[in-house]
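Novice: Sequence first, predicted coordinates after that:
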Amino acid sequence: MKQQLLKNICIFSFILFLFHFAAPLSAQDLDDILSSGFDTELSEPAAKDTSNDIDELLSGFDDVSDERQEKDATASSTLPEWLEVTGSLGLAGSYNFTHDAPKEDDVDFRGISMLRTTASLSSEIHWGDWQAKISGHGFYDAAYAIQGREQYTNTLLDLYEQELELDDFYLQGSLSSKLDIKIGRQVVVWGKSDNVRVTDILNPLDNRLPGMVDIKNRRLPVAMTKLDYYIGDWNLSGIMIHEVRFDKNPVYNSDFYPGQQPLPPEQKPDHSLANQQYALALNGIFSGWDLSLYGAWIFDGRAHITTDVNDSLYRKHSRVFMTGMTANLAFGNWLLKGEGAWFDGLEFANLEDEDFSRLDLMGGIEYLGFSETALSLEIVNRHLVDFDEQLTLSPDIAQENTIQTVAKLIRDFANDTIQLKILLSLFGAHGEDGMFERVQLDYDLNDAVTLTGGIIFYQSGNQGALSAIEDNDRIFFEFSYDF
């Protein structure tokens, strides 16, 4: 019943907004849009063209007073030209509306699930061909105090209630006319996909709130040294990854954790010379198409369960070797995407003495022919080679073929101050491994203030990470002030 209702909602939403593709947005159209859904910007919006508005506003007021000019000059000289400081303050919240009353001694996930105040600060220093950047963020989520901190574990509170982290921290510049260097904590994006990961493996993700935020806003910076050599249309990148860092995943006692007991402790590799990771990329950009080749020797972000000398269980990350290739092909209003990656050295708990290989293939298409609109579809299949049925058992719960499909609609309105997004993500050929739908609206109130609202629906899968998420449907909002 719930899935049929959600299906009808998605179909109705697509029909409603496709209806607007053929005509410019009127005032009545805007009212209809604002009353029909919510959206969050997950791709960079085009800059708003306000030249005509400014000309009309300033007509008749051409004489700006000397006092105002002097005040503006003073404000602009507060910081030296070589220093740029930016930041943001925000408030984000969500409300769960489908959870049933909990059993005795269970966590009550009904009602407010997030009420988070956030702050971020970034500074950049420029001199000649060199640049340095340092940024960080922090948050405090009052929802846990409101709901009662005593019902949560310390592990969950440490991960969800508050956070203070150093993000970007790097130095970059040119060693010669063809050679650049970037050293420090940074994000390096591989691949062409916007919604799924195949070759994009160098930075871990923040998965604490599945489906709520796009990949581009979930990557976690990692300390590495990156050298880029340029020759003609080609760029060769050599990377040494110094910091061993893994995904932030839902933990026991959270509403997205699928199990009834905590996982065994995780053994993370030390930050040592022996645990350095290495990656190499060759990128070519040409007229209407591009091509990238990748290779990496890294730690598997997916930990497998094993035993130590005392037969105690723990989770271990093995070393894996990856080779991959990606390509984009643009023609007219169409963009075709393709990615492929081969992983070797994967380990599992149920066949501890064997190594496995996996082939990931992704195909995607994007259409930009409608005014202010982008439509995209991406499908990935992850195939385990020489699959053994023992891998389907707990704790591995692996599949020979793991399929994910993501469909997305993005449309901008009102001179790009409003952006609507409808996103559908299915796991399994028909969503049998879980799925979610998100409808969001992002409104730029002015150059500094952004208001966001949205709703997300979840459907549980037959097994695995999404086996117990269907009660997590929620509405959410965010207020953000940039300075």
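Specialist: Sure, I can see it.
Novice: use CA for all of it now, contacts and neighbours both
Specialist: Noted.
Novice: which residues does Leu263 contact?
Specialist: Residues near Leu263 by C-alpha atoms under 8 Å, 6 or more residues apart in numbering: Tyr252.
Novice: Walk me through which strands the lengthiest strand in the chain pairs with, and which way each runs.
Specialist: For the chain, the strand with the greatest residue count under DSSP state E is strand 111-127. Looking at strand 111-127 with DSSP bridges, its partner strands are strand 83-96 (antiparallel), strand 130-141 (antiparallel).
Novice: And the contacts of it?
Specialist: 82-97, 131-144, 147.
Novice: quick one: what helix or strand has the nearest residue to Met322 once chain neighbours are set aside in it?
Specialist: Spatial nearest neighbour of Met322, chain neighbours left out: Phe343 (4.6 Å); criterion: C-alpha to C-alpha, 6 or more residues apart in numbering. Here Phe343 is covered by strand 334-346, with elements defined by DSSP states H and E.
Novice: which parts of that strand are buried?
Specialist: For strand 334-346, burial by neighbour count (16 or more other C-alpha atoms under 10 Å) applies to 335-346.
Novice: Same list (those residues) but as JSON lines, adding distance to Leu361 and pLDDT.
Specialist: Below are those laid out as JSON lines (distance: C-alpha to C-alpha, whole Å; pLDDT from 0 to 100):
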{"residue": "Leu335", "distance to Leu361": "17", "pLDDT": "97"}
{"residue": "Leu336", "distance to Leu361": "14", "pLDDT": "98"}
{"residue": "Lys337", "distance to Leu361": "11", "pLDDT": "97"}
{"residue": "Gly338", "distance to Leu361": "8", "pLDDT": "97"}
{"residue": "Glu339", "distance to Leu361": "6", "pLDDT": "98"}
{"residue": "Gly340", "distance to Leu361": "5", "pLDDT": "98"}
{"residue": "Ala341", "distance to Leu361": "7", "pLDDT": "98"}
{"residue": "Trp342", "distance to Leu361": "9", "pLDDT": "98"}
{"residue": "Phe343", "distance to Leu361": "12", "pLDDT": "98"}
{"residue": "Asp344", "distance to Leu361": "15", "pLDDT": "98"}
{"residue": "Gly345", "distance to Leu361": "18", "pLDDT": "97"}
{"residue": "Leu346", "distance to Leu361": "17", "pLDDT": "97"}
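Novice: just curious, which of the residues you listed is nearest to Ile410?
Specialist: Of all the buried residues of strand 334-346, Leu335 has the smallest distance to Ile410: 15.2 Å, by C-alpha to C-alpha.
Novice: Look at the nearest residue to the closest one once chain neighbours are set aside and tell me its secondary structure.
Specialist: In this structure, Leu335 finds its nearest non-sequential neighbour in Glu366, 5.0 Å apart by C-alpha to C-alpha, 6+ apart. Under DSSP: H, G, I helix; E, B strand; the rest coil, Glu366 falls in the strand class.
Novice: Can you give me the neighbour number for Glu366?
Specialist: Using other C-alpha atoms under 10 Å, Glu366 is surrounded by 19 other residues.
Novice: what bridges to it?
Specialist: Under DSSP bridges, the residues paired with Glu366 across the bridge are Leu335, Ser376.
Novice: ok, it touching Gly338?
Specialist: No: taking contacts as C-alpha atoms under 8 Å, Glu366 lies outside contact range of Gly338: 11.6 Å.
Novice: Run through this protein and note the low-pLDDT ranges.
Specialist: For the chain, applying pLDDT under 70 flags the ranges 1-77.
Novice: Please, where are all the helices along it?
Specialist: 2-18, 27-34, 51-58, 66-76, 143-147, 154-160 (DSSP state H).
Novice: Enumerate the positions of the fifth one that are buried.
Specialist: If I follow you right, that is helix 143-147. Here helix 143-147 shows 143-144, 147 as buried, counting by 16+ other C-alpha under 10 Å.
Novice: Then stretch 106-121?
Specialist: Buried residues in stretch 106-121, counted by 16+ other C-alpha under 10 Å: 107-110, 112-121.
Novice: Stretch 250-261: how far from the chain's middle?
Specialist: Distance, stretch centre to chain centre, for stretch 250-261: 21 Å (C-alpha atoms, centre = their mean, to the nearest Å).
Novice: Export stretch 88-100 to PDB, keeping only CA atoms.
Specialist: Extracted in PDB, the C-alpha atoms of stretch 88-100 (Å, rounded to 0.1, in the frame of the first residue of the first chain):
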ATOM      1  CA  SER A  88      28.500  29.900   7.300                       C
ATOM      2  CA  LEU A  89      26.000  29.400  10.100                       C
ATOM      3  CA  GLY A  90      23.000  27.100   9.900                       C
ATOM      4  CA  LEU A  91      20.100  25.400  11.500                       C
ATOM      5  CA  ALA A  92      18.900  22.000  10.200                       C
ATOM      6  CA  GLY A  93      16.100  19.800  11.500                       C
ATOM      7  CA  SER A  94      14.000  16.800  10.600                       C
ATOM      8  CA  TYR A  95      10.800  15.200  11.900                       C
ATOM      9  CA  ASN A  96      10.100  11.400  11.700                       C
ATOM     10  CA  PHE A  97       6.400  10.800  11.000                       C
ATOM     11  CA  THR A  98       6.000   7.100  10.400                       C
ATOM     12  CA  HIS A  99       7.600   5.400  13.400                       C
ATOM     13  CA  ASP A 100       5.400   3.300  15.600                       C
END
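Novice: Contacts only, for the most centrally placed residue in the chain.
Specialist: For the chain, the residue lying nearest the average C-alpha position, counting by C-alpha atoms, centre = their mean, turns out to be Ile215 (1.8 Å). By C-alpha under 8 Å, 6+ apart, the residues touching Ile215 are 194-196, 205.
Novice: go again using 7 Å as the cut-off
Specialist: Asn195 (C-alpha atoms under 7 Å, 6 or more residues apart in numbering).
Novice: Next one: it relative to Arg474, how far apart?
Specialist: Distance of Ile215 to Arg474, given as C-alpha to C-alpha, to the nearest Å: 20 Å.
Novice: How about Gly138?
Specialist: Noted for Gly138: a distance of 24 Å to Arg474, by C-alpha to C-alpha.
Novice: and those two? which has more neighbours close in?
Specialist: Arg474 (22 against 15).
Novice: Test my guess that the more buried one contacts Gly93.
Specialist: No: under the criterion of C-alpha atoms under 7 Å, Arg474 makes no contact with Gly93, lying 10.0 Å away.
Novice: hmm, back to that, among the contacts of strand 111-127, name the buried ones.
Specialist: Here, 16+ other C-alpha under 10 Å leaves 88-97, 131-137, 139-144, 147 buried among the contacts of strand 111-127.
Novice: Please tabulate the buried residues of strand 334-346 in TSV, including the columns distance to Arg302.
Specialist: TSV is the format used below for the buried residues of strand 334-346 (distance: C-alpha to C-alpha, whole Å):
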residue	distance to Arg302
Leu335	31
Leu336	29
Lys337	26
Gly338	24
Glu339	20
Gly340	19
Ala341	16
Trp342	15
Phe343	12
Asp344	13
Gly345	12
Leu346	9
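Novice: This completes my enquiry, with thanks.
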